[in-house]
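In: build me a structure from this.
(one chain, ligands or ions: 1)
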Amino acid sequence: MTQVIRTSAELREKVAAWKRSGMLVGVVPTMGALHDGHLSLARAAREQSDRVIVTIFVNPMQFNNPDDLTKYPRDEAHDLALLEAEGVDVLFAPGVDEVYPDGFATTVSVSGVSEPLEGAFRPGHFDGVATVVAKLFGMTQAGRAFFGEKDWQQLQVVRRLVEDLNIPIRIIGCPTIREADGLAMSSRNVRLSAAERAQAPALHQIMQAAAAEIRDGAPVGETLMNAQAAILEAGFSAVEYLELRSVEGLRPMANLSEPARMLVAAQLGDVRLIDNIAV
Ligand code: PAF
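Out: Numbers count the residues shown, from 1 in each chain. As a prediction, this is how the structure comes out:
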């Protein structure tokens, strides 16, 4: 039975009792609209911790686009049923006032790794993420936190945050879960029309082809330019970025001189899709 907790005070008592019994607590922070990607994180948490908390909080502070916040899918009853089936111990689903009470005045801002890519196209997004993640770590007092590699840059921002603020929690990155046709699972995918859903897997296919070419020695700049054109031809209306970055520190890379990640953000109809793969 998954217990639903809405206040930080109640959660703190619960976690303190677990910790008194020597239990290791894992947390999976989410914004709900759960899919198999989230459930794979809950499973990893289940395997690597004694007790599992999944948090659901649609964090207004990380939405730079108010329309995206309004349209963000929400279905707590369905999410709860999925978490029950995974044997999650607690669903922590605080309201906005619990997370950001009157007088709240702190912003956590991670510089460097949060500045390019998503940071450049979604101003303030990572301040919102870093602030809420720091709060959720404080509220849950968990010893391990599980994040998907689907949001690769977010994972790097969270690792930096924890390191810089000496937050006593181990961050565990888990592989992106994909649909059978390669589309990375995302809560936003439900907003794709049937026609867009059929076009969407092209993003991953084109990235994979470009990554293979780069590994075979093709020039990075030209390969990415061709891949960008192919994404537009596949029906996407814009490519915000398609870049090769170093795994360590997300530095731009003009050639494959160290382990790299290819990252993309592209617009399909009303929906902004992001993805990334190892190169
Ligand atoms: O990845 C997400 O769903 C969110 O950015 C997170 C980490 C739950 C913070 O709101």
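In: who's in contact with Arg261?
Out: Neighbouring residues of Arg261 by CB atoms under 8 Å, 6 or more residues apart in numbering: 152, 244-247, 250, 276-279. Where C-beta positions appear, they are placed from N, C-alpha and C, glycine not excepted.
In: rerun at 7 Å
Out: 152, 245, 247, 276, 278-279 (CB atoms under 7 Å, 6 or more residues apart in numbering).
In: of those, which is the most crowded?
Out: With neighbours taken as other CB atoms under 10 Å, the top of those is Trp152, carrying 25 neighbours.
In: which non-adjacent residue is nearest that residue?
Out: Take Trp152 and drop its neighbours on the chain: the residue closest to it by CB to CB, 6 or more residues apart in numbering is Asn276, 4.4 Å away.
In: ok, back up a step: reformat the contacts of Arg261 as JSON lines; add distance to Ser114, pLDDT and secondary structure.
Out: Output for the contacts of Arg261, formatted as JSON lines (distance: CB to CB, whole Å; pLDDT from 0 to 100; DSSP: H, G, I helix; E, B strand; the rest coil):
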{"residue": "Trp152", "distance to Ser114": "12", "pLDDT": "98", "secondary structure": "helix"}
{"residue": "Arg245", "distance to Ser114": "13", "pLDDT": "98", "secondary structure": "strand"}
{"residue": "Val247", "distance to Ser114": "16", "pLDDT": "95", "secondary structure": "coil"}
{"residue": "Asn276", "distance to Ser114": "15", "pLDDT": "98", "secondary structure": "strand"}
{"residue": "Ala278", "distance to Ser114": "21", "pLDDT": "98", "secondary structure": "strand"}
{"residue": "Val279", "distance to Ser114": "22", "pLDDT": "98", "secondary structure": "coil"}
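In: any residue of the lowest-mean-pLDDT helix or strand in the chain touching the ligand?
Out: The helix or strand of the chain with the poorest confidence is helix 66-71; it has a mean of 92 (mean pLDDT, DSSP states H and E). No. With CB under 6 Å from any ligand atom as the criterion, the ligand is not reached by helix 66-71; the gap is at least 11.7 Å.
In: returning to that earlier point: bridging residues for the residue nearest to Trp152?
Out: Per DSSP bridges, the residues bridged to Asn276 are Leu263.
In: so it makes contact with Leu250?
Out: No. Asn276 lies out of contact with Leu250 (CB atoms under 7 Å); the separation is 10.4 Å.
In: helices of the stretch 1-150 of the chain, start to end?
Out: For the stretch 1-150 of the chain, the helices defined by DSSP state H, counting those that start in this stretch occupy 8-20, 36-48, 66-71, 76-85, 96-99, 118-121, 125-140.
In: show me what contacts Gln267?
Out: By CB under 7 Å, 6+ apart, Gln267 lies in contact with 236-238.
In: among those residues, which lie within strands?
Out: Per DSSP state E, strands hold the following members of the contacts of Gln267: Ala238.
In: of the contacts of Gln267 - the most surrounded one?
Out: Going by other CB under 10 Å, Phe236 tops the contacts of Gln267 with 22 neighbours.
In: Gly182: what's it in contact with?
Out: Counting by CB under 7 Å, 6+ apart, Gly182 has contacts 201, 204-205.
In: can you do 10 Å?
Out: 200-205, 207-208, 275 (CB atoms under 10 Å, 6 or more residues apart in numbering).
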